[in-house]
Every structure is written in C-alpha cells, then in structure tokens.
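> Okay, sequence plus prediction incoming.
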Amino acid sequence: MIISIISDTHLGFASGTERYDDAFQSLEQALDKALDSDVILLPGDIFDTKVPTTETMARSMKALIKPLITKNPTRIADSLNKDLSETLPITDSGIPVVALHGNHERRTRDSLNPVQALEKTGFLIHLNANGVVLEKDGEKVCVQGLSGIPDNYFESAMQEWKPQPIEGCYNILMLHQLFQPITYSKLHVNMLPKGFDLYISGDLHEKKQIMYEGSPLLVSGSTVSTQINKDAVNKRGFWKMDTKTRRSEFVELDSRPVHYIEDKIENVEELDKKISSILERETTKPVIRFNVVEGLHDSEIRRKYTDKAILIFKKEKQQADAKDIETHKMSVKETGRKMLSDNMKQAGLDEKVFSEIFEILLEGRIDDAIELLLGSNKRSS
C-alpha cells in the first residue's frame, strides 16, 4: 500500500489576515497529490485552535471530502480497542483517513475536540491509545495512534496503553510528540516500543527522517509556515511510504515562499534594496522577515510593498508583540501545566486529573475546574 503522511496543517492559522488561506491551500494541494494513496494519515494539529470557527470547519470538510469520494479498495478490516459501531458508511467508502488530535486541539474529556467532530461526521477515523486495521487486496496495515499529551504523562500513558505490533500486518505507530535526537525534548525515541515497521511523529514543523531499531521514523513537518524563522524557508510537503518497497518519498508543495533575512538591517535604503532583490525572483507574494535596528522607520516601506510582499520586522530590544506572544503560546502553556502539576503533587492531590483541570482553565470554565478539583480532593482524603 501507499501511505501518505500529512501533518500539522494548522487550519485556521492567521485568521483575519491575508495568510488565512495559506493553510487551506496547502492541505488541498497535499490531498490532491495524495489521491493515489491507499491510506492518508494526519498525525495531529490539523487545526490551529481547539475551537475552530464555523468557516474553518466548513473549509476543512470541503477539503477532506476528496479522499472520501475517491475510489479505492482499501477497507476497515478490524480495530484495536476502537469502537467502530457508530462509524458512518462514508468513512469506509474512499481512501481511509486516520488522524490524531494534537496539542493545539486538545480539550477536556467531556468536550468534543474538532478532530473528534470530523470523525462523527464521517470524514476520518480518530485514534487515541487505540488502533485500526486496514486491508487492500489481502494486504493488512495496522495503524495504532496516541493523540498529543503533555510530555510529563507520555511515559505513563505508553505503559498503560502498551501498543504492540500485530502479526500479519504492516505495523505503524503514530504519535504527536517531540523526541530526541530529532529535536530538543524531554522525551527520547528510546522510549518507543520496538518492532513496528514505521514510526510517525507530528508536532515538529520541519521534515525529518531517522532510523529507530531498523525502522524509519518520519516527521512530515507542517504544511504551512506558522513560525517565520530560518527553518521556515525550507519547502513544505509530506511523506509517502510504499509498504512493499519500504521506500519513502518527500512530496514538496508549491506553497507561499518564505524568506528569513538574518543579517541586521540598519537603514531604509538597504531594506528597500533587499526587498526588491527578493521580489525579482518571486512570482507569488512572499513572506519576508527582517532583523532591523530599533528606531528604523519602516512605514514607508510597508506602504510601498503592501501589494507585493508580507513584511515582518523584528526589531532589536523591542518588546515581544502580539504575534511573538502567539508564536510562543504553546511553550508557555507547557510551563503552566508543569507548575500546576508540581503544586498538585505538593498538595497531595490526584495528579491524574491535573491535565483536565488545566484544559478547563484554558477554556475559562473556572467553576467546572473548582468542582473537579474539590471532587479530586475528596477522593484523595
């Protein structure tokens, strides 16, 4: 079978700006290039927020209908701890789409996250500590997946779940976590169970490929550049894996060009010259990020190139603006989770409910958080 892995599409990113269309266009292009596949995997952060707007949900469904209406003989053969009794017939009609929810979509247990909503409407199969077996012409592929969880709980979650390869299948383990040595993380690939034919990880926004215990671990990266840094200039795309030849191919997307100018710009003339030079080589309106000295007056440059480029200026000694805060929001949330977890441990409270309490607080449901906290305290006393 041909397996396509499209990750971190971040639908809804840059809402209210001219970059709002970028995530949808990248997903649509990726799906078009993946329609020759037998299975499509989405390892988390399909959406940029846990409660997408109605427009974002509608546009995501419009894109994801393509695999459903594409003729393909791959069918759901079995499941592992996954209730398929309410699966809609349309889910098993075209190219199967199997997905995780990521940290951007994670909500409390009593709240439907947007990936679960897509499953309930028939667009995909959502996995979280369970799996599904897919079959085509006698070949079976087993996809087991764990949706995104805080790093502090990953090891215990894996020990509780204990995923193992299934005999007679090409076995895939799909996660939404960061691991060393792929990137900096508290988690290491050595924490993963052995014996799977393919490991997939979401969350990291740059493509990677390493070997783990003789099997490939693939990271597709994001299909849209949400963070404009020196790595964002790399081509966006997704991986395709052929289960027969065991060969992988990275399929590049024709997405909006990104330029990151690391050298510090000290005057408007130099800035103007660099922008003109970049635009001579581009046919699509690019994103260009500059490092400029504080006090450089860029308003005239912005007006001059407003129809030709999306300009982002990082000024020395300048306080973080709203976009910088948004970029680092997820790491701030992880810090908050750790602080709350540590405080609950010191108070002798049930740490298992801490993650749910944190998500409730993020949604502004203070009364619900207090009620859950009091209930946890009563059970522990």
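Received it, and whenever you're ready, just let me know what you need. Residues are numbered from 1 along each chain as shown.

> Can you report how many residues neighbour the nearest residue to Ala129 once chain neighbours are set aside?
Computed as C-beta to C-beta, 6 or more residues apart in numbering, the closest residue to Ala129 that is not its neighbour in sequence is Trp161, at 4.5 Å. Just so you know, the C-beta spots here come from the backbone N, C-alpha and C atoms, and that holds for glycine as well. Residues near Trp161, counting by other C-beta atoms under 10 Å, number 16.

> Give me the distance between Trp161 and Ile3.
Separation of Trp161 from Ile3 (C-beta to C-beta, to the nearest Å) stands at 22 Å.

> same thing with Ile310?
Ile310 is 34 Å from Ile3, by C-beta to C-beta.

> Check Ala309 too.
37 Å.

> buried stuff in the helix or strand harbouring Ala157?
If you go by DSSP states H and E, Ala157 is part of helix 154-161. Within helix 154-161, the residues that count as buried by 16 or more other C-beta atoms under 10 Å are 154, 157-158, 161.

> Following that helix in sequence, what is the next regular element?
Next element after helix 154-161 (DSSP H and E): strand 170-175.

> re the thing from before, so for Ala309 and Ile3, which sits in the more crowded spot?
Per other C-beta under 10 Å, whichever of Ala309 and Ile3 has more neighbours is Ile3, with 25 against 20.

> quick one: secondary structure of the more buried one?
The three-state label given to Ile3 by DSSP: H, G, I helix; E, B strand; the rest coil is strand.

> In contact with it, which residues?
Residues near Ile3 by C-beta atoms under 8 Å, 6 or more residues apart in numbering: 37-41, 141, 172, 198, 240-243.

> go again using 6 Å as the cut-off
Taking C-beta atoms under 6 Å, 6 or more residues apart in numbering as the criterion, Ile3 is in contact with 39, 241.

> roughly how far apart are Tyr20 and Val51?
16 Å.

> just for the protein, where's the confidence low?
Within the chain, the stretches with pLDDT under 70 are 316-381.

> Pull the residues that contact the helix holding Ala157.
129, 149, 187.

> could you redo the last one with a cut-off of 10 Å?
81, 128-131, 144, 146-150, 153, 175, 177-179, 185-187, 191-193, 351-352 (C-beta atoms under 10 Å, 6 or more residues apart in numbering).

> Now do Gly94 against Ile2, distance only.
From Gly94 to Ile2 the distance is 14 Å (C-beta to C-beta).

> sorry, that was for Pro216
When Pro216 is compared with Ile2 (using C-beta to C-beta), they lie 15 Å apart.

> Helices of this structure, start to end?
20-33, 54-68, 114-120, 154-161, 268-279, 299-304, 322-327, 329-346, 354-362, 366-380 (DSSP state H).

> now for the third one, which elements pack on it?
This points to helix 114-120. Applying 3 or more C-beta pairs under 10 Å, 6 or more residues apart in numbering; DSSP states H and E, we find helix 114-120 packed against helix 54-68, strand 97-100, strand 125-126.

> One more pass at 6 Å, please.
strand 125-126 (3 or more C-beta pairs under 6 Å, 6 or more residues apart in numbering; DSSP states H and E).

> From the contact counts, what lies against the strand it packs on?
helix 114-120.
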